[in-house]
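Peer 1: how does the following fold in three dimensions:
(chains A, B and C)
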Amino acid sequence: MPDFAIEARQLIKKFPARPGTGDKTADVSPTAKRRFSLFRKREPKAMFTAVNGVDLKIERGEIFGLLGPNGAGKSTTIRMLCTLLEPTSGTAQVNGFDVVKQANDVRRSLGTVLAGERSIYWKLTGRENLEYFAALYHIPQEIAKKRVDELIERMELKERSNELVEKYSTGMRQRIAISKALLARPPILLLDEPTLGLDPQAARRVRELIAELKQEGHTILLTTHYMEEADQLSDRIGIIDTGKVIALDTPEGLKRRIDQKEIIRLELTGWHDDLAGKLKSISGIENLTSHQQGEADLWEVSLQAQNSRTALPRIVESISGNGTRLVNMNVVKPSLEDVFIHLTGKALRD
Amino acid sequence: MTTSTIPLTRSLGRPNFLSAWRALAAVMKREWVIFLRYPSWVISLFIWPIIFPLSYVFTAHALSGKNGIGMTQFQAATGVHDYTGYIAIGTIIWMWQNVVLWNIGFSLRNEQLRGTLESNWLSPTWRFAYLLGSSAPQLLSMLMFLTVSAIEFVLVFGVRFEGSLWLTLLALLVSIPSVYGLGFAFASLVINVKEANAFVFLVRGIVMVFCGITFPISILPEWMRPIADWLPQTYIIHAIRSASLSTAGLPAIAGDLKVLALFGAFWLTFGYLIFNWMERRARRTGAIGQY
Amino acid sequence: MKTDFVLFQPTLAAQFRALSAIVRKDWKQYWRYPLNAVSTVFQPVIWLAPVYFMGKAFSINGQALGFAQYSGTADYMSFLILGAILGNFVNAVFWGMGYALKNDMDSGVMESNWLTPIPRLHILVGRSVTNLFVTAVTSLGMLIVCKFVFGFHPTGDVLKAVGAIVPMLIGLYGFGFAFAGLVLIMREANTLVDTSAFIVQVFSGTDFPVTVLPKWLLPISLLLPLTYGLDAVRGLLLKTNTLLSIGAEVVLLIVFMFVMLWFGSWIFYRIERRVRMLGTLGQH
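Peer 2: Numbering: from 1, shown residues only, chains lettered A, B, ... in the order given. Alright, predicted model coming up:
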């Protein structure tokens, strides 16, 4: 029988909707139902479903990437798994402990990085932060001191460990936040956007660290906005959208889903909505995303086509004239980002 | 069930009774260290005990008139000859409650705004420890404040403390649960409230109006006196004035102490229950992460 | 296709439009915190209550005769209500104007504002206008509430009193420019703002006639222009004893107004330049 580090079954989370939004009919909360029957004149509360039946099985020792656009339910799912939020229905176990009934044991089993540099005290030094959290994780004092030294050394923060965190760079603060997650040597790590806001060098160091942690036997649930990162690090990836996991496979497995598709990448100037409509209407074109590169009038447009050979002439014909100029064009194999767009219809950065 | 539990033998955490106390001590230490790293506390410690009562003292001076004509009236109404001490103690107790509302009352909310509340909540420690732990250094700083205030009252205002230091300390001790219990309740209630400042203004305003910080309760109109009777600060002010300024001894404050003991038990329990309610609610609504 | 760029030349009308945009923005933002706005009306009433009751304890047959010996009037509540109104403005300048720049810096909008082509002092002027207007409205509300709760009985010339207050308020806001600059360069300004606002209120006589002060403290009061402003207003409205003649006090206030407007602007520009040199504009 497979042994799962994290298992979620039909996790659902509903929140009261803001006035004017939400569904007042089917999604009535249990408490609202009671009120409705006792006081007949009361309206059922409108609810908004953030997570709509998530199923996940994360194996021990794997790195699992959870991807999704903003508002997909990623943060809500993670917060349910780390016991900050209670599910409306469904169950989840982390290290075999139920997230609701055995919340404390779940917290002992997890090392979590949420909200990066905001999760540590800026008026304490790096060392003081780690010593503080070591106490909260019940690490005996003698072991805590050694462990803190070990992590400071590993994160290359020895020289600055006795300075206030407010003086650190973003990369250093992120390293302290990761150290905090590693203090009690938990079997499972939950890393929410660990490289967000870091410069390329710092981001690379964090990724190398994540790979090392996997070698050391940790199970890692990773969320990220960076496709290449998810592709590079994850053993398996779950794509979540509108509160549901819509795809779950290895990165290669996911790319194979749209293998038969081709991606045509255009770089052009003078992009406009009419042209987008024209291109989308070309037969064989399935998905179109565009984004502006920097401040200049230079746009990157990606089109998913069943057959680039038939689509290309029509594309070129649509572009010419009307002030649009094609700067570059190539046909590429689908990347994970393309898989994402194919499945969700949006780019991850949207 | 398809998952098995891996005993956390590799984990370094060893939860037991001692480790729970260490966690509480760690919260206290954290609060204390951060407090000391904002140097303005020194100014607050030395300046406020003088300038806050100052305005009331001079107003009272003005009201008593050049020949003390108003003072005779005041003495007859209060039975107190040292109006400076009378006013100083009333205002200092108000300041104590005010600071507790801002510091303890906003402790969770400030952590939430900073982003560190989630970090704390993610650890396997008893959550009420965060409130308790924040209070201990705050109480210590308030004791320092009260001591400095007493010294400054003597040196600057010429107040004469003719009462008993031990009785004063006893009165203070019995007052602590009410003052901090209210702070705990406040901390839990304002965590997701917009414009929480307005609520501090309201609560401290009630104390200012009803608790006799600069006047005897008997001056209040009939309809206001029952409200004063239900506020622990009324008894705190009365007890500490009596204990420190007069030689009437324990019998004069015994009644106040009994009432304060009851209030203290109520407010601490209420504060704890409200905290648990907030914590459960936050788990359902995700309120901890919101700001 | 090349675009022809045109730079808009700022006209007087454009400057006024920018100023009114700032005023409208601040007005809207203020009322988006309705509880705080309402609380501003009731706070002074709460702060007056202990003094009201204290006054009763000192009164003989309901008359504050002792007070009359110092101030020239037994109507101590009217005396104090006027002080509370001035206190309102002092708080508005110290807290509202004091943090006007720092809050913008902390929330990140300062860079956006300073990148616009309008003179930077105009941004502060716009904030001051709103602040003044809002405080005047809340003070009026407070006055009405106090009149019902404590009683307010002015016996003098209201128009003249308002006339005397105008240069004082303008001078106060001029000082506000300087203070905003100071708060900007300090890391933790809360204690400075809190204590200085309070000290200014205490020593300018918002709560008692300054002649009550011991001789060694009185010079502090006499150095504060606000002392004369409040003294003149009380003299005109309540016919109280004044430190100098009302005419002399009004002249002092007019001089104060010009001095503070110049000084406040000068300090502001010095600090603005320093911030630009150090590059701390975007930091928070």
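
Peer 1: skipping adjacent residues, who's closest to the one residue in the stretch 101-250 of chain A that gets nearest to chain B in space?
Peer 2: Proximity of the stretch 101-250 of chain A to chain B (C-beta to the nearest C-beta) peaks at A:R118, 2.8 Å away. Heads up, the C-betas are built off the backbone N, CA and C, glycines and all. Nearest-residue entry for A:R118: B:G115, 2.8 Å, with adjacent residues in sequence omitted and distances by C-beta to C-beta, 6 or more residues apart in numbering or on different chains.

Peer 1: my read: the one you found touches A:S119, true?
Peer 2: Yes. Here B:G115 reaches A:S119: they are 5.7 Å apart, a contact under C-beta atoms under 8 Å.

Peer 1: those two: who's more crowded?
Peer 2: Neighbour count, other C-beta atoms under 10 Å in any protein chain shown: between B:G115 and A:S119, A:S119 has more, with 26 against 19.

Peer 1: ok, and the closest non-adjacent residue to the more buried one?
Peer 2: Distances taken as C-beta to C-beta, 6+ apart put B:S119 closest to A:S119, at 4.3 Å, once the chain neighbours are dropped.

Peer 1: who's in contact with that neighbour?
Peer 2: Listed by C-beta atoms under 8 Å, 6 or more residues apart in numbering or on different chains, the contact partners of B:S119 are A:L114, A:S119, A:I120, A:F133, A:K180.

Peer 1: quick one: contacts for the residue lying closest to C:N241 once chain neighbours are set aside?
Peer 2: Among residues not flanking C:N241 along the chain, C:G72 sits closest, at 3.8 Å (C-beta to C-beta, 6+ apart). Residues in contact with C:G72 (C-beta under 8 Å, 6+ apart) are C:K239, C:T240, C:N241.

Peer 1: the second one reaches C:Q69, doesn't it?
Peer 2: No. Look at C:T240 against C:Q69 with C-beta under 8 Å: they stay out of range, at 11.9 Å.

Peer 1: find residues that contact each of the two.
Peer 2: What both C:T240 and C:Q69 touch, as defined by C-beta under 8 Å, 6+ apart, is an empty set.

Peer 1: now do the buried residues in the longest helix along chain C.
Peer 2: What stands out as the longest helix in chain C, according to DSSP state H, is helix C:246-278. Under the neighbour-count criterion of 16 or more other C-beta atoms under 10 Å in any protein chain shown, helix C:246-278 has C:246, C:249-250, C:252-253, C:256-257, C:260-261, C:264-265, C:267-268, C:271-272, C:275 buried.

Peer 1: which one of those sits closest to B:I47?
Peer 2: Proximity of those to B:I47 was ranked by C-beta to C-beta; the top entry is C:I267 with 24.2 Å.

Peer 1: A:P69 is in what secondary structure piece?
Peer 2: A:P69 is part of no helix or strand, with elements assigned from DSSP states H and E.

Peer 1: ugh, wrong one, I meant B:I47
Peer 2: helix B:40-64.

Peer 1: show the contacting residues for the residue nearest to C:F94 when sequence neighbours are not counted.
Peer 2: Distance criterion C-beta to C-beta, 6+ apart; nearest residue to C:F94, sequence neighbours excluded, is C:A197 at 3.7 Å. By C-beta under 8 Å, 6+ apart, C:A197 lies in contact with C:V90, C:N91, C:F94, C:W95.

Peer 1: looking at this, C:A197 is in a strand?
Peer 2: No. Assessed with DSSP: H, G, I helix; E, B strand; the rest coil, C:A197 is helix; it does not lie in a strand.

Peer 1: on that earlier part again, neighbour count added to the contacts of C:G72, as CSV?
Peer 2: Converted to CSV, the contacts of C:G72 look like this (neighbours: other C-beta atoms under 10 Å in any protein chain shown):
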residue, neighbour count
C:K239, 15
C:T240, 21
C:N241, 15
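
Peer 1: from those residues, which is closest to B:V179?
Peer 2: Of all these, B:V179 sits closest to C:T240, with 40.1 Å by C-beta to C-beta.

Peer 1: which helix or strand contains that closest one?
Peer 2: In the assignment (DSSP H and E), C:T240 maps to no helix and no strand.

Peer 1: list the contacts of it.
Peer 2: C:T240 neighbours (C-beta under 8 Å, 6+ apart): C:S71, C:G72, C:T73, C:F79, C:P209, C:D231, C:R234.

Peer 1: need the phi and psi values for it.
Peer 2: phi -80, psi 170 (degrees, to the nearest 10).

Peer 1: try A:S89
Peer 2: Torsion angles, degrees, to the nearest 10, at A:S89: phi -160, psi 170.

Peer 1: tell me which helix or strand the residue lying closest to C:L252 once chain neighbours are set aside sits in.
Peer 2: Nearest in space to C:L252, with sequence neighbours left out and distances taken as C-beta to C-beta, 6+ apart, is C:Y228 at 5.1 Å. Using DSSP H and E, C:Y228 maps to helix C:225-238.

Peer 1: keep only those of the contacts of C:A197 that are in strands.
Peer 2: Among these, none falls in strands (DSSP state E).

Peer 1: tell me the bridge partners for the residue nearest the centre of chain A.
Peer 2: In chain A, the C-alpha nearest the mean C-alpha coordinate belongs to A:T223, at 2.9 Å (C-alpha atoms, centre = their mean). Beta-bridge pairing for A:T223 (DSSP bridges): A:L66, A:D192.

Peer 1: A:I78 is in contact with that one, correct?
Peer 2: Yes. Counting by C-beta under 8 Å, A:T223 does reach A:I78; the two are 6.5 Å apart.

Peer 1: mind listing the shared neighbours of those two?
Peer 2: Taking C-beta under 8 Å, 6+ apart as the criterion, A:T223 and A:I78 both touch A:L66, A:D192.

Peer 1: show me what the helix or strand of chain C with the lowest mean pLDDT is packed up against.
Peer 2: Here the helix or strand of chain C ranked lowest by mean pLDDT, DSSP states H and E is helix C:109-114, holding a mean of 71. Helices and strands in packing contact with helix C:109-114 are listed as helix C:100-107, helix C:120-149; criterion 3 or more C-beta pairs under 8 Å, 6 or more residues apart in numbering or on different chains; DSSP states H and E.

Peer 1: just the buried residues of that helix, please?
Peer 2: C:M110, C:W114.

Peer 1: export that helix as PDB, just CAs?
Peer 2: Only the C-alpha atoms of helix C:109-114 are listed here, as PDB (Å, rounded to 0.1, in the frame of the first residue of the first chain):
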ATOM      1  CA  VAL C 109       2.400  56.600  -3.100                       C
ATOM      2  CA  MET C 110       4.900  59.400  -2.300                       C
ATOM      3  CA  GLU C 111       7.100  58.500  -5.300                       C
ATOM      4  CA  SER C 112       4.000  58.700  -7.500                       C
ATOM      5  CA  ASN C 113       3.000  62.100  -6.200                       C
ATOM      6  CA  TRP C 114       6.500  63.500  -6.400                       C
END
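
Peer 1: contact residues of the stretch 151-291 of chain B facing chain C?
Peer 2: Within the stretch 151-291 of chain B, the positions adjacent to chain C are B:194-195, B:197-198, B:201-202, B:205, B:208-209, B:212-216, B:219-220 by C-beta under 8 Å from any C-beta of the partner chain.

Peer 1: OK, contacts around the nearest residue to A:V94 once chain neighbours are set aside?
Peer 2: Leaving out its chain neighbours, the residue that sits closest to A:V94 by C-beta to C-beta, 6+ apart is A:V106, at 4.6 Å. Going by C-beta under 8 Å, 6+ apart, A:V106 touches A:C82, A:T83, A:V94, A:N95, A:F97, A:D98, A:V99.

Peer 1: now swap in B:F153 and tell me
Peer 2: Counting by C-beta under 8 Å, 6+ apart, B:F153 has contacts B:P49, B:P53, B:T84, B:G85, B:A88, B:V159, B:F161.

Peer 1: same deal with B:Y180?
Peer 2: B:V100, B:I104, B:S135, B:L139, B:W267, B:L268, B:G271.
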